[in-house]
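1. Give me a 3D structure for the following:
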Amino acid sequence: MKKFVGAMLSIIVLTLIASSVQAVIADDKPRLKTSNFDPDFNVGYEVYVQTTIRDAQGQLLSVSESTNGWIIIPTLPDGVQISGLVDHVFDSNFLSKKEVIVIDSVKYEKIQFLDEKYTAEILYSICPSCAKVGMTSGIMHKVCGNFEAMGYGHHCIPLFKANTPQMHITEGNTVTHQWTILRVMN
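-> So this is what the prediction gives:
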């Protein structure tokens, strides 16, 4: 019995060691797995999204709020980070005119803008060969611009992201996202 217990314990330990080594060996491209989310980067910002879905006749089908939203660290396709892009978007009124609001004695700069998509765009981006009915959950807003001064051409950089409840969509629907981004004032 002691030999059996010893053998089983040895097998379990060796299995645990072998499985952890395999996971380390499989991580041969760590740069591709780096996160573009940094909690410290998001400290001064709050991201909210309200999503409405309307059918082809304009009838309201659904309204939902984001469960959480955040700012993505702006990064070019080769991994180079663009410092100050979020502040530039705020300060230049690139997406919308900012206004100052006060919530619970805290001053914020607020920008608010709409992003409207038709179901065909959403369904095609999810699965080009899928049927005309689908679901969507989670959204991202990209800021497009010319980055030739940095040695790059025209790119669309993901900047804001939010999780939303799962929403059912079908061909002909219009999905409108109303983004509200708050930046704490110094």
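2. I'd say Gly172 and Gly58 touch.
-> No - applying CB atoms under 8 Å as the test, Gly172 and Gly58 come out as separate, 10.7 Å apart. All C-beta atoms are positioned from the backbone trio N, CA, C, and that covers glycine.
3. So those two - more neighbours on which side?
-> Higher neighbour count among Gly172 and Gly58: Gly172, with 13 against 7, using other CB atoms under 10 Å.
4. what about the more buried one, which SS state?
-> Per DSSP: H, G, I helix; E, B strand; the rest coil, the local secondary structure of Gly172 is coil.
5. how near is it to Ala56?
-> The spacing between Gly172 and Ala56, counted by CB to CB, to the nearest Å, is 4 Å.
6. what's the overlap in contacts for those two?
-> Here Gly172 and Ala56 have no joint contacts, going by CB atoms under 8 Å, 6 or more residues apart in numbering.
7. what is the mean pLDDT for stretch 161-172?
-> In this model, stretch 161-172 has a mean pLDDT of 83.
8. First-to-last residue distance for that stretch?
-> 24 Å (CA to CA, to the nearest Å).
9. Break the protein into its domains for me.
-> What automatic domain parsing lists as the domains of the chain is 1-33, 35-184.
10. looking at those, which is buried most?
-> Per residue and on average, the most neighbours among these fall to domain 35-184, with a mean of 14 (mean count of other CB atoms under 10 Å).
11. Which neighbouring elements make contact with whatever helix or strand Lys161 lives in?
-> Using DSSP states H and E, Lys161 sits in strand 154-163. Counting contacts by 3 or more CB pairs under 8 Å, 6 or more residues apart in numbering; DSSP states H and E, strand 154-163 is packed against strand 45-54, strand 68-71, helix 85-91, strand 139-146, strand 174-184.
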